[in-house]
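S.K.: what follows is a predicted protein model with its sequence.
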Amino acid sequence: MKLGHEESYRGSLAKLASAQIVICGAGALGSNLADTLCRQGATKIRVVDFDRVEEGNAATQIYGLSDVGAMKVAALKARLFRDTGVEIETIDKRMTEVNREKFTRGADLIVDAFDNSASRLLLSAQNRECIHAGTWEGYSEVVWNDVYRVPADAPKDAMDACDYPLARNLITLTVSILAEEIVDFLLAPKPRRASWSVTLKDLAARKYR
């Protein structure tokens, strides 16, 4: 592969390969992000999630119908190894205040792709390098921890945007912005650490707040 031009522009891909990235959540954002990062050259990825694949997940997540019923992290690990040759590390347990440090140990960067405020709060409370990403209807955000505010959970009767097929456009756009922030943080001499809000209705990506 001819990587010289890209490395001269972006930085050492070996540095990306050696960075320990911990992705918390293997749903729409987390599963697609893991796939993107593996294809970009990241190799040390740990994913934390205790959910199983449901049929509706196939709309916006990396999983197929053949994965229904499997633990998400197990299905993700198998797919990424098959498609990219990267063997990620997985943890199929719920993150708590007791095991949080163990699950994120050694991370150069923590990515919060959880779908609930309690889990997000666990990560935002740490004095660690962490970037958060989330979606709601036609809105999403990618926010660094120093300016992040944990949002309230969606109403219990609200439809999960991550299971809505037309939300795939928002998911893929958000993952692209999130992956670009991660690559910039890990490779740039002076990372920009920019936070973003994204809306589909007017197709806009703006600096957060």
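M.R.: Perfect, thanks for sending it. Numbering: from 1, shown residues only.
S.K.: how about the longest helix along the chain: buried residues?
M.R.: Looking across the chain with DSSP state H, the single longest helix is helix 168-187. Within helix 168-187, the residues that count as buried by 16 or more other C-beta atoms under 10 Å are 170-171, 173-187. C-beta here means a position set from N, CA and C on the backbone, and glycine is covered the same way.
S.K.: what helices and strands are in contact with it?
M.R.: With contacts taken as 3 or more C-beta pairs under 8 Å, 6 or more residues apart in numbering; DSSP states H and E, helix 168-187 sits against helix 13-18, helix 28-40, strand 109-112, strand 130-136, strand 139-144, strand 196-199.
S.K.: residue 120 reaches residue 132, doesn't it?
M.R.: Yes: look at residue 120 against residue 132 with C-beta atoms under 8 Å: they come within range, at 6.6 Å.
S.K.: ok so, going back, contacts for the longest helix of the chain next, please.
M.R.: 10-12, 15-16, 19, 21, 28-29, 32-33, 36-37, 40, 59-60, 108-109, 111, 129, 131, 133, 135, 138-140, 142, 144, 161-162, 191-194, 196, 198, 200, 205 (C-beta atoms under 8 Å, 6 or more residues apart in numbering).
S.K.: now swap in stretch 87-105 and tell me
M.R.: Around stretch 87-105, the neighbours that count as contacts under C-beta under 8 Å, 6+ apart are 22, 24, 34, 38, 44-50, 71, 73-74, 76-77, 80-81, 110, 114, 119, 122-123, 126, 128.
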